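Trainee: What would the 3D arrangement of this be:
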Amino acid sequence: MSTSDPARADVSGTARFDEHGIEPIPPAARDSTPWQQFWIWSGANIAPINWVLGALGITLGLSLLETLAVIAVGNLVGCAVFGLFNVMGHRTGVNQMVLGRASFGRRGAVVPGLVQGLLTMGWVGVNTWVVLDLVMAILQRFGVEGGTGLKYGVAAIIMAVQLGLALYGFYAIRTFEKYTVPITVLIMVIMTVLALSRTTLDWTATTAVTPVSKVTAVTQLLTAIGIGWGISWLPYSADYSRFVRVRSSDRSVFWSTALGTYVPTVWLAALGACLASAGAGADPSTLVTEVFGVMALPVLLLIMHGPVATNILNLYSCSLAALSIGVRVARWKLTLVAGAAASAVLVVFVQADSFAHAFDNWMVSILVWISPWASIVLVDFFVLRGGRMDVASLYRDDASPYGTVNRRALVSLGLGLVAAWSWQFGLVPATQGPIARALGGTDFSWLSGGLVAGGLYCLLSVRARRAHAGLGVAREGALS
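Mentor: Numbers count the residues shown, from 1 in each chain. As a prediction, this is how the structure comes out:
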């Protein structure tokens, strides 16, 4: 693990090299502001995928008004939970996977840490591959054609930029988002005005005419871009809020991170829904080349910024997850390994689009693990521990006080996963649970998984405390 020297940290906000690993960030090195956190999460969520997911509501049969309502209300819940997870990082100065040791135990936390590390590597390849066709379509509009060779070249440029920033660490990520995201926001404002001025919106047209079909569509949209979207970022949250100044309030951290995710997510998803309702389709290449017209060049910059802004978080958090499960290598070296693995995945994707689509579907489907895991962590920190914990004990190798393996947490996680899968209607048959199928394709996986895992963990923990307290009283009585 790398070391941290407070004397080497300044407060200039420059993109100096980040030597921190998973040790608690010392106060002298915590110089990030809530406003900078807002830009970090805004940049990660200004992505073309949100256009497509917003259009999903129209595809599922909801009207434009219904789609916008589900997106706006659903993200209030998902992003609020995300804000709470960022408060954990700010209070402790500890990254998210290490914080999980308090609920899962020193060794038990290896399970979610390993899952997070593998998923983040996979997402780097997926996110880069997703935008390549869109970039190629825009380049073709300018008369630039090069086939697969050009696609590899574009992919290499994107991968090199995002890997370089992730290698440099948090301070480079913060600086990159601070200066590039306001520009992308300006482009998005112009795009939105231009796109809506060229379309005629249909606010009430719907194909989901029965109550059952409407409920099914609402639950699927909630999972894809409503509540589920904010939940998908929970394993990353504290990795970045741990750098926020100690004197900043929890409230400012909560609102800056929650709104940093909420505003761009709802904005882009709403734009995608509006264009889809007007008949522009859900394909991002079509949206850009047919609707945005003369804005193709600025949009090209926006599109290439999207995967970089997202993947630098994936690469950085991947290295922290690896450190959290006990890999003893410098963070930047782990980032380099993750980047190499993601590049290999990307090469496979470019060569086999059918496999890439299947892999993307699997990646989306297995996010079901996050809601039960997050529910356990949330209950442990805010309910059972009152929002405080002994940070130093998170790094001890012995069993005190958080234990080596917390079986209550692992059992709750396992049963929560079963509950989530049972009510999941994923993109591949294996992730379509019996309850979801029986109820016509409804998807309440995030709710069922979270309630079962969090509720069971809380119940088992309270019972264990009472049993321990009763044992202590009995021993005192025997001694007296």
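Trainee: count of neighbours near the residue nearest to residue 202 when sequence neighbours are not counted?
Mentor: For residue 202, ignoring the flanking residues on the chain, the nearest one in space by C-beta to C-beta, 6 or more residues apart in numbering is residue 277 at 5.0 Å. Every residue, glycine included, has its C-beta placed from N, CA and C. In terms of burial, residue 277 registers 25 neighbours under the definition other C-beta atoms under 10 Å.
Trainee: Surely residue 277 and residue 204 touch.
Mentor: No. Checked against C-beta atoms under 8 Å, the pair residue 277 and residue 204 is beyond contact range at 9.5 Å.
Trainee: Now the common contact residues for those two.
Mentor: With contacts taken as C-beta atoms under 8 Å, 6 or more residues apart in numbering, residue 277 and residue 204 have 63-64 as neighbours in common.
Trainee: tell me the mean pLDDT over the strand or helix carrying residue 466?
Mentor: In this structure, residue 466 is located in helix 445-479 according to DSSP states H and E. For helix 445-479, mean pLDDT is 81.
Trainee: Check which residues of it are buried.
Mentor: Residues of helix 445-479 classed as buried: 445-454, 456-458, 460-461 (neighbour count, 16 or more other C-beta atoms under 10 Å).
Trainee: out of these, which one sits closest to residue 43?
Mentor: Taking C-beta to C-beta as the measure, residue 43 sits nearest to residue 446 out of the buried residues of helix 445-479, at 24.5 Å.
Trainee: Let me see the contact set for the closest one.
Mentor: Under the criterion of C-beta under 8 Å, 6+ apart, the contact partners of residue 446 comprise 222-223, 227-228, 231, 368, 371, 420.
Trainee: likewise residue 371?
Mentor: 231, 416, 420, 445-447, 449-450, 453.
Trainee: could you point out which element follows the one helix or strand it maps to?
Mentor: Under the criterion DSSP H and E, the helix or strand holding residue 371 is helix 370-378. Proceeding C-terminally, helix 370-378 gives way to helix 407-422 as the next helix or strand, assigned by DSSP H and E.
Trainee: Mean confidence (pLDDT) on the next helix or strand after that next one, please.
Mentor: Once helix 407-422 ends, the next helix or strand along the chain (criterion: DSSP H and E) is helix 434-438. Looking at helix 434-438 alone, the average pLDDT works out to 95.
Trainee: same question, stretch 112-124
Mentor: Mean per-residue pLDDT for stretch 112-124: 92.
Trainee: Stretch 406-419 now?
Mentor: When the per-residue pLDDT values of stretch 406-419 are averaged, the result is 96.
Trainee: residues making contact with that stretch?
Mentor: 103-105, 108, 111-112, 368-369, 371-373, 375-376, 380, 448-454, 456-457, 460-461, 464.
Trainee: Name the residues of the helix holding residue 371 that come out as buried.
Mentor: Of all the residues in helix 370-378, those buried under the rule 16+ other C-beta under 10 Å are 370-378.
Trainee: now swap in stretch 172-180 and tell me
Mentor: Buried residues in stretch 172-180, defined by neighbour count with 16+ other C-beta under 10 Å: 172-178, 180.
Trainee: How about stretch 424-439?
Mentor: 424-426, 431-433, 435-436, 439.
Trainee: Off-centre distance for it?
Mentor: Stretch 424-439 has its C-alpha centroid displaced from the chain centroid by 23 Å (C-alpha atoms, centre = their mean, to the nearest Å).
Trainee: And residue 418, how close does it get to residue 450?
Mentor: Taken as C-beta to C-beta, to the nearest Å, the spacing of residue 418 relative to residue 450 amounts to 13 Å.
Trainee: and what of residue 164?
Mentor: Counting by C-beta to C-beta, the gap from residue 164 to residue 450 is 37 Å.
Trainee: Please apply the same query to residue 458.
Mentor: Applying C-beta to C-beta to residue 458 and residue 450 gives a distance of 12 Å.
Trainee: Centre of the chain to whatever helix or strand residue 214 lives in, how far?
Mentor: Here residue 214 is covered by helix 211-225, with elements defined by DSSP H and E. Put simply, helix 211-225 sits 21 Å off its chain's centre (C-alpha atoms, centre = their mean).
Trainee: what's the average pLDDT for it?
Mentor: In this model, helix 211-225 has a mean pLDDT of 89.
Trainee: quick check: angle from that helix to helix 445-479?
Mentor: If you take axes from the mean of the first three to the mean of the last three C-alpha atoms, to 10 degrees, helix 211-225 sits at 70 degrees to helix 445-479.
Trainee: re earlier: starting at the chain centroid, how far to the helix holding residue 466?
Mentor: Centroid displacement of helix 445-479 relative to its chain, using C-alpha atoms, centre = their mean, is 30 Å.
Trainee: Kindly report the same for stretch 426-442.
Mentor: Centroid separation between stretch 426-442 and its chain, computed with C-alpha atoms, centre = their mean, is 23 Å.
Trainee: what about the helices in the stretch 201-350 of the chain?
Mentor: 211-225, 227-232, 238-241, 250-277, 284-286, 296-324, 331-351 (DSSP state H, counting those that start in this stretch).
Trainee: For the third one, report the contacting residues that lie outside it.
Mentor: Residues lying outside helix 238-241 but in contact with it, judged by C-beta under 8 Å, 6+ apart, are 32, 37, 40, 85-90, 92, 94-96, 99, 170, 173, 253, 257, 313, 316-317, 320.
Trainee: Provide a ChimeraX selection command restricted to the buried entries of these.
Mentor: The ChimeraX selection below is limited to those of the contacts of helix 238-241 classed as buried (16+ other C-beta under 10 Å):
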select :32,37,40,85,86,87,88,89,90,92,94,95,96,99,170,173,253,257,313,316,317,320
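Trainee: So which of the contacts of helix 238-241 are in helices?
Mentor: Helix and strand membership here follows DSSP state H; of the contacts of helix 238-241, those in helices are 37, 40, 85-90, 92, 96, 99, 170, 173, 253, 257, 313, 316-317, 320.
Trainee: how about low-confidence regions in the stretch 151-300 of the chain?
Mentor: Under the criterion pLDDT under 70, the flagged ranges of the stretch 151-300 of the chain are 209, 280-296.
Trainee: Test my guess that residue 336 contacts residue 163.
Mentor: Yes. The criterion here is C-beta under 8 Å, and residue 336 meets it with residue 163 at 7.4 Å.
Trainee: So between those two, which is more surrounded?
Mentor: Summary of the neighbour comparison: residue 336 and residue 163, criterion other C-beta under 10 Å, with residue 163 having more neighbours (22 against 17).
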